[in-house]
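**Student:** predicted model and sequence follow; I will ask about them next.
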Amino acid sequence: MEQNKQEKLEQALLEFVERASKEGATREEISVLPDVARVLINIIYPNL
């Protein structure tokens, strides 16, 4: 993946995790939070 696109993807996923972790997050955000966090971890730490 192109570096700039990967950075944008990482940033978007991180922003989602931060938003979904706060009070006021929707049920849908909370329900997908573990999956989104897992994807983010796999992108940042691919060798875990």
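**Tutor:** That came through fine.

**Student:** point to the residue nearest the middle of the protein.
**Tutor:** Nearest to the geometric centre of the chain sits Leu13, at 2.9 Å (Cα atoms, centre = their mean).

**Student:** in space, what's closest to it - neighbours in sequence excluded?
**Tutor:** Spatial nearest neighbour of Leu13, excluding adjacent residues (Cβ to Cβ, 6 or more residues apart in numbering): Leu40 at 4.3 Å. Yep, even glycine has a C-beta here, placed from its N, CA and C like the rest.

**Student:** show me what counts as buried in stretch 31-41.
**Tutor:** Leu33, Val36, Ala37, Val39, Leu40 (16 or more other Cβ atoms under 10 Å).

**Student:** contacts only, for the last one.
**Tutor:** Yep, that's Leu40 we're talking about. Glu10, Leu13, Leu14, Val17 (Cβ atoms under 8 Å, 6 or more residues apart in numbering).

**Student:** and it, which of the three is it?
**Tutor:** helix (DSSP: H, G, I helix; E, B strand; the rest coil).

**Student:** before we move on, back to that, buried ones among the contacts of Leu40?
**Tutor:** For these, buried by 16+ other Cβ under 10 Å: Leu13, Val17.
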